[in-house]
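Student: Sharing a model prediction with you, sequence too.
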Amino acid sequence: MMMKRMKKAAAVTLAAVMALSMAGCGSSSSSSEGSTNAESTGGSITIFNSKSEIQDQMEEMAEEYSAATGVDVEVYYSSDTVAAHLATKYSANDPYTISMVDAKDVYSLAEDYAIDLSDEEWVDYTDYAITVNDQVVGFPVCIEARGIIYNADAIEAITGETFDPADYSTLDAFQALCEQLVAGGMESPTGILKEDWSLGAHFLAEVYEQQDDVEAFVTSLTEGTADLANNEKFNSLMDTFDTLMTYNYAASSAIAAEREVTSQKLAEGEIAFMFGGNWDWSVINAYDYTENLGMMPVPQNTDDGTNEMLVGGGSKYFFIDSSDNTSDEQRQAAKDFLNWLVLDEDGNAFLTEDCNLVPAYSNIDASALDPLSQSVKSYADAGSLIDNYNYLPDDHYSLNGATMQEYLAGQIDRATLAADIEEYWTTAEVIEH
């Protein structure tokens, strides 16, 4: 675990931390074993984590980082909307030193609350940092991508052939494979996560992200001129969604299906496909998963190349608070923590081994990644990621996710779905960018 790595922490990190001119820093000491007095008064920082899958790892890391460096680190998590939660903290004059947020939150908060990180060394190792007003303000925590997660072992057990996802990039080919799996004894080859964030923030968002001109299309939605029901990309993706629904193991009670149950069925090969992202590994790996899992693009009958690419990019960003409620010493400690993640082998291992995150930095070895993240890394390295659209309104996934749930439950048809989404956009405002 990480503590074993902490005991051989790179000298550059400890040297940087010990160089801090924090009050009481002199009371901190470390032995050759790397043991540091956890009661040290070497300063303190707070970190807001908005990624529930890694909360346990974050808490363990904070304890061990504190012990090794003398900097007291406290990690907090909230299931509330990120923007609403941080607004409450700022209203109370009690902001976090470091906040993990979505890209859209960086754009909306940076001008008032984020410090300039342009001169930090880690900037040279990433293409995913967020810049606002010519200042680097967003530290990319990881790369994430979404598509169809597959269980190759379950597929091959029925087909008797090596599974190559590239052979099933079209919806016609994918449907034929599903039929073959059913005929071979897999009663229901697919699963659908019913969560609003999966349906609204992830699947539906691809309707925007896969347009030829994303900005122009979103503008047409906000201006009320879009004709979603007759939009080629909307219908292409919904055709795929309908196919996932047709073969869904929980078709009769789709919005009652639990994420854990669906993930377990995929992990153990009872089903073969599930729309999701590499973050789903944190759930899948809790079960007796088979060896060969991976991710593939969403199959579509299209010739625009989008059925050969995952959708993704930088996902989750840290920013450091600039308000008067955070001291310069705390900001320096926060900078040192971010540099530790990128420049220290223990920080690297925390990201890739403990948290199973795809690194957004060219210097970090990713060979220890889980199979889903390895798929994402391969698509990223090949330049085969469709960019995330990072400016959706805060309530987009909850409101449109609920509408998608109605569609999943068979309560509305596609025309009504399109109309309801268009209605949402009549009062919605994208994040300024």
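Tutor: Sure, I can see it. Note that the coordinates shown come from a computational prediction; the quantities given were computed from them, not determined experimentally. Numbers count the residues shown, from 1 in each chain.
Student: What's the separation between Asp213 and Asn390?
Tutor: Per CB to CB, to the nearest Å, Asp213 is found 16 Å from Asn390. To be clear about C-beta, it is placed using only N, CA and C from the backbone, and glycine gets the same treatment.
Student: Check Ser327 too.
Tutor: 30 Å.
Student: now swap in Ile149 and tell me
Tutor: In terms of CB to CB, Ile149 sits 23 Å off from Asn390.
Student: now swap in Glu291 and tell me
Tutor: 35 Å.
Student: Neighbour count for those two, which is higher?
Tutor: The residue with more neighbours, out of Glu291 and Asn390, is Asn390; 22 against 8, by other CB atoms under 10 Å.
Student: Now do the contacts for the closest residue to the more buried one other than its chain neighbours.
Tutor: Using CB to CB, 6 or more residues apart in numbering and skipping residues adjacent in sequence, the residue nearest Asn390 is Ala103, 3.6 Å away. When contacts are counted by CB atoms under 8 Å, 6 or more residues apart in numbering, Ala103 is found next to 130, 138, 314-315, 317, 388, 390.
Student: How about the secondary structure of Met295?
Tutor: With DSSP: H, G, I helix; E, B strand; the rest coil as the basis, Met295 sits in strand.
Student: Now do the strands in the protein.
Tutor: 44-49, 72-77, 98-101, 130-132, 135-151, 190-191, 273-277, 293-296, 310-320, 385-387 (DSSP state E).
Student: Tell me if I'm right that Glu209 and Tyr391 touch.
Tutor: No: in this structure, Glu209 is not within contact of Tyr391 by CB atoms under 8 Å, at 11.2 Å.
Student: Look up how far Thr240 lies from Cys178.
Tutor: Taking CB to CB, one finds Cys178 at 11 Å from Thr240.
Student: Contact partners for the nearest residue to Gln405 once chain neighbours are set aside?
Tutor: Closest residue to Gln405 apart from its sequence neighbours, by CB to CB, 6+ apart: Ile255 at 5.2 Å. By CB under 8 Å, 6+ apart, the contact set of Ile255 is 194, 405, 408-409.
Student: out of those, who's nearest Ala68?
Tutor: Lys194 (41.7 Å; CB to CB).
Student: Can you read off the pLDDT for the closest residue to the closest one other than its chain neighbours?
Tutor: Closest residue to Lys194 apart from its sequence neighbours, by CB to CB, 6+ apart: Ile255 at 4.7 Å. Looking at Ile255, its pLDDT is 96.
Student: CA atoms only: put stretch 235-251 into PDB for me.
Tutor: Taking C-alpha atoms only, stretch 235-251 is exported to PDB below (Å, rounded to 0.1, in the frame of the first residue of the first chain):
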ATOM      1  CA  ASN A 235     -31.200   9.600 -33.700                       C
ATOM      2  CA  SER A 236     -28.000   7.700 -34.300                       C
ATOM      3  CA  LEU A 237     -27.100   7.600 -30.600                       C
ATOM      4  CA  MET A 238     -30.700   6.900 -29.500                       C
ATOM      5  CA  ASP A 239     -30.800   4.000 -32.000                       C
ATOM      6  CA  THR A 240     -27.900   2.500 -30.000                       C
ATOM      7  CA  PHE A 241     -29.600   3.300 -26.700                       C
ATOM      8  CA  ASP A 242     -32.700   1.500 -27.900                       C
ATOM      9  CA  THR A 243     -30.600  -1.500 -28.800                       C
ATOM     10  CA  LEU A 244     -29.100  -1.500 -25.300                       C
ATOM     11  CA  MET A 245     -32.600  -1.300 -23.900                       C
ATOM     12  CA  THR A 246     -33.800  -4.200 -26.100                       C
ATOM     13  CA  TYR A 247     -31.100  -6.600 -24.700                       C
ATOM     14  CA  ASN A 248     -31.100  -5.100 -21.100                       C
ATOM     15  CA  TYR A 249     -31.200  -7.800 -18.500                       C
ATOM     16  CA  ALA A 250     -33.400  -5.500 -16.400                       C
ATOM     17  CA  ALA A 251     -35.700  -4.400 -19.200                       C
END
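Student: for the record, mean pLDDT for it?
Tutor: Stretch 235-251 comes out with an average pLDDT of 98.
Student: What segments of the stretch 101-250 of the chain are helices?
Tutor: 103-113, 152-159, 171-183, 196, 205-209, 214-222, 232-246 (DSSP state H, counting those that start in this stretch).
Student: would CSV of the ones you listed with distance to Val261 be doable?
Tutor: As requested, these are exported to CSV (distance: least, CB to CB, whole Å):
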stretch, distance to Val261
helix 103-113, 31
helix 152-159, 16
helix 171-183, 19
helix 196, 18
helix 205-209, 25
helix 214-222, 34
helix 232-246, 16
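Student: Indicate which one of those helices is closest to Ser282.
Tutor: Per CB to CB, nearest to Ser282 of those: helix 196, 18.8 Å.
Student: Give me the contacts around that closest one.
Tutor: So helix 196 is contacted by 397-398, 401-402, 404-405 (CB under 8 Å, 6+ apart).
Student: what's the distance between stretch 54-67 and the middle of its chain?
Tutor: 19 Å (CA atoms, centre = their mean, to the nearest Å).
Student: So which bits of that stretch are buried?
Tutor: Within stretch 54-67, the residues that qualify as buried are 54, 57-67, counting by 16 or more other CB atoms under 10 Å.
Student: cool, stretch 148-167 as well?
Tutor: 148-155, 157-158, 163, 165.
Student: now, among the residues you listed, which is nearest to Trp281?
Tutor: Using CB to CB, the buried residues of stretch 148-167 come closest to Trp281 at Ile149, 8.9 Å.
Student: if I look at the residue nearest to Lys194, how far off is Gly200?
Tutor: Look at Ile255 and Gly200: by CB to CB, they are 13 Å apart.
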